[in-house]
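Novice: here is my input, please return the structure:
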Amino acid sequence: MADVLGKEAAVFFPSGTMAQQIALRIWCDRKGIKRVAYHPLSHLEIHEEDGLKELHQIESILLADEDRLIRLEDVEGIDEEISCLLLELPQREIGGQLPAYEELEAISSYCRDRYQNVPKDKLHSALDWLDEELRKHVN
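Specialist: Residues are numbered from 1 along each chain as shown. This is a model prediction of the structure:
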């Protein structure tokens, strides 16, 4: 993975929960904003007993209705500054739903435009590579 990301090393986390909390903390620290947005049935919201808030003092903004995926209009409606948006794919608690790829692209584009001060590093290159690979196999 380090090679794909163009980094010297990579870190293995024993759980996705740990990785999510650390990633969100890094984004909050980088932006100086202790607020993130995610789905009301995100794993962090319903299974972590406020771990994000208790351990990292990070506030959450819940987007969308519980029975549907986050849409672009939900993201556009965020009134407060956030450090990042977490999209769990698939959204396990509502039947493993996945948004259309075009919806993900629209959300990603909107976030890049609105939060353009987000540091851009080699991860974006890796995501572009992943996008190309997915399109090869999906289409």
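
Novice: let me see the ranges of the helices in the chain.
Specialist: Under the criterion DSSP state H, helices of the chain are mapped to 2-5, 16-31, 43-46, 51-56, 72-76, 101-114, 122-138.

Novice: residue 83 is nearest to which of those?
Specialist: Shortest distance between residue 83 and these, using Cβ to Cβ, is found for helix 16-31: 4.2 Å. Placement of C-beta: from N, CA and C, glycine included.

Novice: burial measure for residue 98, as a count.
Specialist: 11 (other Cβ atoms under 10 Å).

Novice: redo the helices of the chain as CSV? Include mean neighbour count.
Specialist: What follows is these, written out as CSV (neighbours: other Cβ atoms under 10 Å):
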stretch, mean neighbour count
helix 2-5, 12
helix 16-31, 16
helix 43-46, 17
helix 51-56, 15
helix 72-76, 15
helix 101-114, 14
helix 122-138, 11
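
Novice: got a list of what the closest residue to residue 28 other than its chain neighbours touches?
Specialist: Distances taken as Cβ to Cβ, 6 or more residues apart in numbering put residue 83 closest to residue 28, at 4.4 Å, once the chain neighbours are dropped. By Cβ atoms under 8 Å, 6 or more residues apart in numbering, the residues touching residue 83 are 24, 27, 28, 30, 31, 33, 34, 35, 36.

Novice: which one of these sits closest to residue 45?
Specialist: residue 36 (10.7 Å).

Novice: partner residues bridging that closest one?
Specialist: Per DSSP bridges, the residues bridged to residue 36 are residue 60, residue 84.

Novice: how about residue 97?
Specialist: residue 91.

Novice: contact partners for it?
Specialist: 68, 69, 90, 91.

Novice: excluding its backbone neighbours, what's nearest the residue nearest in space to the middle of the chain?
Specialist: In the chain, the C-alpha nearest the mean C-alpha coordinate belongs to residue 86, at 2.6 Å (Cα atoms, centre = their mean). Leaving aside its sequence neighbours, residue 86 sits nearest to residue 38 (Cβ to Cβ, 6+ apart; 4.0 Å).
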